[in-house]
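Student: With the sequence up front, the predicted model follows.
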Amino acid sequence: MHESELRRAAFGDRPAPPPDVLAAAGPPKRRLLGAIVLGAQGRYAAATTLLDGLTPDRDPVVAALALATLASHRRQLGGHAVARGLDGAALRRAVTAASEPDPDGLDARGALADALLGLAADHLGTGRLTASRRVLDRAAGAVDNWRTRTRLGWVTAELALASGDAEAAAGPAEAALDEATAAGSIRHTVKSQLVLAAALGAIGQKRRAGELVSDALADADKYELSSLSWPAGLIAADLWPADADRHRSRTATVLHAVLLGSDPGGRRLAHGSPWVPV
């Protein structure tokens, strides 16, 4: 499969190709894109195999992006402390990198932003809100493309929610959704819908929050985005108490499949995490 098609699956509106196509050998950037899509599907074992082969790459951009992607996958399984070490390694590689600009941030500046945004999210997930805010401020200066602007909006909103300021979360979450929608990225739009739904739900705007979650669930199913489907189910359970059991049951089914597709290290992180309902 051509790299441009994989890029559309990772950052655009193309459904994912079969897993064996995603996991196929090829040039570093092709393998990186394959790992990104596999991670979005919750196929963490296959993604980790690809990323482990890229993290020692001589190109610091490739290595940093691979490390930050692996950190993101660990974070999705609740392993924020492990992710922090990977993001720190990504930052060390990224600060030495130089490259031509890439429209989706698969370049030196994007790698730097990914590492910093990842570290901010890692600190947030381990309750270190002051450290998260400090790193997030640094990350804002490295953001220069739609993908990292979207991610900046996510982490800014999540930090505001964790700090007890739900009102301050809505603006960055809305901005992230605007960025992702304008870029035509299904995956980033779904995640942005969920972040905004959490913010709106926290300030009592249940109707729009519910609409966002419904749309996110539909697209997560259509595009096989299992990494987002189960968090969407948890938000849905909170928004619609009358249907909470149904949403939690569905979430458990999706999460079970995700864990089956994870490597042993990922499964251990999920079982030890307060964030993952296993």
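Tutor: Perfect, I can see it now.
Student: thought residue 263 was touching residue 43?
Tutor: No. Residue 263 is not in contact with residue 43 according to CB atoms under 8 Å; the separation is 10.1 Å. Backbone N, C-alpha and C define where each C-beta goes, glycine included.
Student: Spit out the contact partners of residue 201.
Tutor: Residues near residue 201 by CB atoms under 8 Å, 6 or more residues apart in numbering: 209, 235, 238-239.
Student: quick one: contacts for the residue most central in space within the chain?
Tutor: The C-alpha lying nearest the average C-alpha coordinate of the chain belongs to residue 72 (CA atoms, centre = their mean; 5.9 Å). Neighbouring residues of residue 72 by CB under 8 Å, 6+ apart: 39, 83, 118.
Student: Would you tell me what helix or strand the second one is located in?
Tutor: Secondary structure here is read from DSSP states H and E; on that basis residue 83 sits in helix 80-94.
Student: Just the C-alphas of that helix, formatted as PDB.
Tutor: Extracted as PDB, the C-alpha positions of helix 80-94 are listed here (Å, rounded to 0.1, in the frame of the first residue of the first chain):
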ATOM      1  CA  HIS A  80       1.200   7.100  32.300                       C
ATOM      2  CA  ALA A  81       4.300   6.500  34.400                       C
ATOM      3  CA  VAL A  82       5.800   4.200  31.700                       C
ATOM      4  CA  ALA A  83       4.800   6.600  29.000                       C
ATOM      5  CA  ARG A  84       6.600   9.400  30.800                       C
ATOM      6  CA  GLY A  85       9.900   7.500  30.400                       C
ATOM      7  CA  LEU A  86       9.200   7.000  26.700                       C
ATOM      8  CA  ASP A  87       8.200  10.600  26.100                       C
ATOM      9  CA  GLY A  88      11.400  11.700  27.900                       C
ATOM     10  CA  ALA A  89      13.400   9.600  25.500                       C
ATOM     11  CA  ALA A  90      11.500  11.000  22.600                       C
ATOM     12  CA  LEU A  91      12.300  14.500  23.800                       C
ATOM     13  CA  ARG A  92      16.000  13.800  24.000                       C
ATOM     14  CA  ARG A  93      16.000  12.600  20.400                       C
ATOM     15  CA  ALA A  94      13.700  15.400  19.200                       C
END
